[in-house]
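S.K.: could you work out the structure for the sequence below:
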Amino acid sequence: MDTQTPQLHFRPDPVDPDLGDLRVKSRDFASLFFTGLTGVATWLIIALLAVILGNILYHGWDTLSWRFITSNSDEDMFDVNRAGVLPMIVGTTARIFLMTLFVLPIGVITAIYLTEYAKRTTVLTRIIRGAVNNLAGVPSIVFGLFGLGFFISFVGGSMDQFLRAENADPLWGKPAILWASLTLAVMTLPVMIVATEESLRAIPPGLREGSLALGATKLQTIWKIVLPQALPGILTGGILSVSRAAGEVAPILFTGAAYYMSGYPRALTDQFMDLGYHVYILSTQSPNIEQTRPILYSTVLVLLLLTFTLNFVAILIRARMRRQMRALH
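M.R.: This is a model prediction of the structure:
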């Protein structure tokens, strides 16, 4: 006897057209609200930046002149008619250049190891990543004290004992542009490592696999394939490092910045004058703050122009490298 299974037919409940329109309108309103909120936040940041730059330009443009940029404060750094910032420009540029020379190779090598060689689950890799993350959150004044204790007292003092034991005057164990640059390099190292890691991870794995399949070693693949492709991102990390280090005062306060110098730093063991430290001196040591205010604003304006110039040059170099890579492809 054949039995047939009864077939059940389910009919969907009718959808209320008014309810569907209400849901669509609700989603449209939420989307519009959050779009407007993000737009307001963006324009608020731009407005704050415009107010800050406008205030500096308004108060510092009258004092800014070619004589102010290309002269030295031989007699009185607090006198508007005699003040000059050329030694500060030279010192700031020199310590940024030295810092970049130190932080670029160390940051790139560390990022290559973490990305290409280290296993993410090992204890050593976790310790290194934890150290990098913690280093990024250390206040800048702590780096200044670290540079004073480690680079000047320990490294520099040890070099004087081994190399200049017969001379009582310290050469390496005193504040110098070398130790200030190394301190800034340690401070900006997390920025360089993270930016380089992100750039290396953006390289398609197929490029590495194709190079290895053609017989290249891992080192040859990294040197010939990966690094050239990641170079624009590495330069981005360098730009961020320069931007952070250009205006820092606390790390160089104890490690190399001088209150006043009659000349320029000529050796790695010399102290230097700095724009950021000069701003600190003008705002705290001036006998007449109202008289010094125009010099203060002009010095800040010069510091901003120097930072923007260095970043602009790095951006041009990065853009040129990107065009060359696109032409090769």
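S.K.: going by C-alpha atoms from here, please, whenever you check contacts or count neighbours.
M.R.: Noted.
S.K.: confirm that residue 77 sits in a strand.
M.R.: No: counting by DSSP: H, G, I helix; E, B strand; the rest coil, residue 77 is located in no strand; its state is coil.
S.K.: that one reaches residue 83, doesn't it?
M.R.: Yes: using C-alpha atoms under 8 Å as the test, residue 77 is close enough to residue 83 to be in contact (4.8 Å).
S.K.: residues near residue 164, how many?
M.R.: Look at residue 164: counted by other C-alpha atoms under 10 Å, it has 15 neighbours.
S.K.: do the same with residue 233
M.R.: Residue 233: 20 surrounding residues under other C-alpha under 10 Å.
S.K.: could you list the buried residues of stretch 55-73?
M.R.: 56, 57, 59, 60, 63, 64, 68, 69, 72, 73 (16 or more other C-alpha atoms under 10 Å).
S.K.: could I have stretch 49-56 exported to CSV, CA atoms only?
M.R.: C-alpha atoms of stretch 49-56 as CSV (Å, rounded to 0.1, in the frame of the first residue of the first chain):
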residue,chain,number,x,y,z
LEU,A,49,45.1,73.5,12.6
ALA,A,50,44.2,76.7,10.7
VAL,A,51,43.7,78.7,13.9
ILE,A,52,47.1,77.5,15.3
LEU,A,53,49.0,78.2,12.0
GLY,A,54,47.2,81.5,11.5
ASN,A,55,48.0,82.7,15.1
ILE,A,56,51.7,81.8,14.6
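S.K.: report the buried residues of it.
M.R.: For stretch 49-56, burial by neighbour count (16+ other C-alpha under 10 Å) applies to residue 56.
S.K.: follow-up on the earlier one: would you format the buried residues of stretch 55-73 as JSON lines with pLDDT included?
M.R.: Compiled in JSON lines, these are given as follows (pLDDT from 0 to 100):
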{"residue": "56", "pLDDT": "89"}
{"residue": "57", "pLDDT": "89"}
{"residue": "59", "pLDDT": "87"}
{"residue": "60", "pLDDT": "86"}
{"residue": "63", "pLDDT": "84"}
{"residue": "64", "pLDDT": "86"}
{"residue": "68", "pLDDT": "88"}
{"residue": "69", "pLDDT": "89"}
{"residue": "72", "pLDDT": "84"}
{"residue": "73", "pLDDT": "74"}
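S.K.: tell me the one of those nearest residue 89?
M.R.: For these, the residue nearest residue 89 by C-alpha to C-alpha is residue 69; the value is 8.2 Å.
S.K.: distance from the chain centre to the helix or strand hosting residue 69, please.
M.R.: Per DSSP states H and E, residue 69 falls inside helix 66-70. Computed by C-alpha atoms, centre = their mean, to the nearest Å, the chain-centroid distance of helix 66-70 equals 28 Å.
S.K.: what does stretch 189-209 give?
M.R.: Remark: stretch 189-209 is offset 17 Å from the chain centroid, using C-alpha atoms, centre = their mean.
S.K.: show me what counts as buried in it.
M.R.: For stretch 189-209, burial by neighbour count (16+ other C-alpha under 10 Å) applies to 189-200, 208.
S.K.: also stretch 288-296?
M.R.: Result for stretch 288-296 [16+ other C-alpha under 10 Å]: buried residues 292, 293, 294, 295, 296.
S.K.: which non-adjacent residue is nearest the residue nearest the centre of the chain?
M.R.: When C-alpha atoms, centre = their mean is applied to the chain, the residue found nearest the centroid is residue 241 (2.2 Å). Computed as C-alpha to C-alpha, 6 or more residues apart in numbering, the closest residue to residue 241 that is not its neighbour in sequence is residue 188, at 5.5 Å.
S.K.: rewinding a little: who are the packing partners of the helix holding residue 69?
M.R.: Secondary-structure packing of helix 66-70 (3 or more C-alpha pairs under 8 Å, 6 or more residues apart in numbering; DSSP states H and E): helix 86-112.
S.K.: so what does the helix it packs on touch, helix or strand wise?
M.R.: Helix 86-112 is packed against helix 66-70, helix 177-201, helix 227-246, helix 275-284, with contacts defined by 3+ C-alpha pairs under 8 Å, 6+ apart.
S.K.: turn those into a markdown table, columns for distance to residue 149.
M.R.: Formatted as a markdown table, the helices and strands packed on helix 86-112 follow (distance: least, C-alpha to C-alpha, whole Å):
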| stretch | distance to residue 149 |
| --- | --- |
| helix 66-70 | 35 |
| helix 177-201 | 11 |
| helix 227-246 | 20 |
| helix 275-284 | 20 |
